[in-house]
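Peer 1: Generate a structure from the sequence data that follows.
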Amino acid sequence: MNQNEIVNYPTEFLNSLELPGIPPHNLQLRVGSVVIMLRNINQPRLCNETRLAEKKLMNVIEANIIRGKYKGKDVLIPRIPMISTDLPFDIKRLQFPVRLAFAMTINKSQGQSLEVCGINLEFPSLAN
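Peer 2: Next up, the predicted model:
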């Protein structure tokens, strides 16, 4: 965010950063993909952890809510500024606040009602 620090970091380095709570620089979506919201942008419809199915990809994402009170409702998701302060410098990206939802963390899955669920028990999920 500081204009004087831009020359200190190559674009490739900034694009390669995987920051918590921020989608990857190159978010590859397709129609029908299941995504999860990372931010509250229109409560109570579009809250953190809302799962959606992509319908159209344009300058905004048109998606259908697949779980919860608003199941079946169509929504539009705009790109929003996402700021991370987890680094020695602040970084700001204009991105869609979604991430592919192939899997969820234990914390994100709490309170979810699922018809089908798969659990990988090959590795311990909780540290002793």
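
Peer 1: Isn't Y70 up against Q43?
Peer 2: No: Y70 lies out of contact with Q43 (C-beta atoms under 8 Å); the separation is 11.1 Å. Bear in mind the C-beta positions are built from the backbone N, C-alpha and C, glycine included.

Peer 1: Neighbour count: the two, which is higher?
Peer 2: The residue with more neighbours, out of Y70 and Q43, is Y70; 16 against 9, by other C-beta atoms under 10 Å.

Peer 1: Just confirm the more buried one is within a helix.
Peer 2: No: judged by DSSP: H, G, I helix; E, B strand; the rest coil, Y70 forms no part of a helix; its state is coil.

Peer 1: Could you give the average pLDDT over stretch 91-102?
Peer 2: For stretch 91-102, the mean pLDDT works out to 83.

Peer 1: got the contact list for it?
Peer 2: 1, 14, 17, 19, 22-25, 27, 29, 33-39, 41, 51-52, 61, 77-84 (C-beta atoms under 8 Å, 6 or more residues apart in numbering).

Peer 1: let's see it at 6 Å
Peer 2: 1, 23, 34-39, 51, 61, 77, 79-84 (C-beta atoms under 6 Å, 6 or more residues apart in numbering).

Peer 1: The protein: strands as residue ranges?
Peer 2: Remark: strands assigned in the chain by DSSP state E are 34-37, 51-57, 61-65, 74-77, 80-84, 91-95, 98-100.
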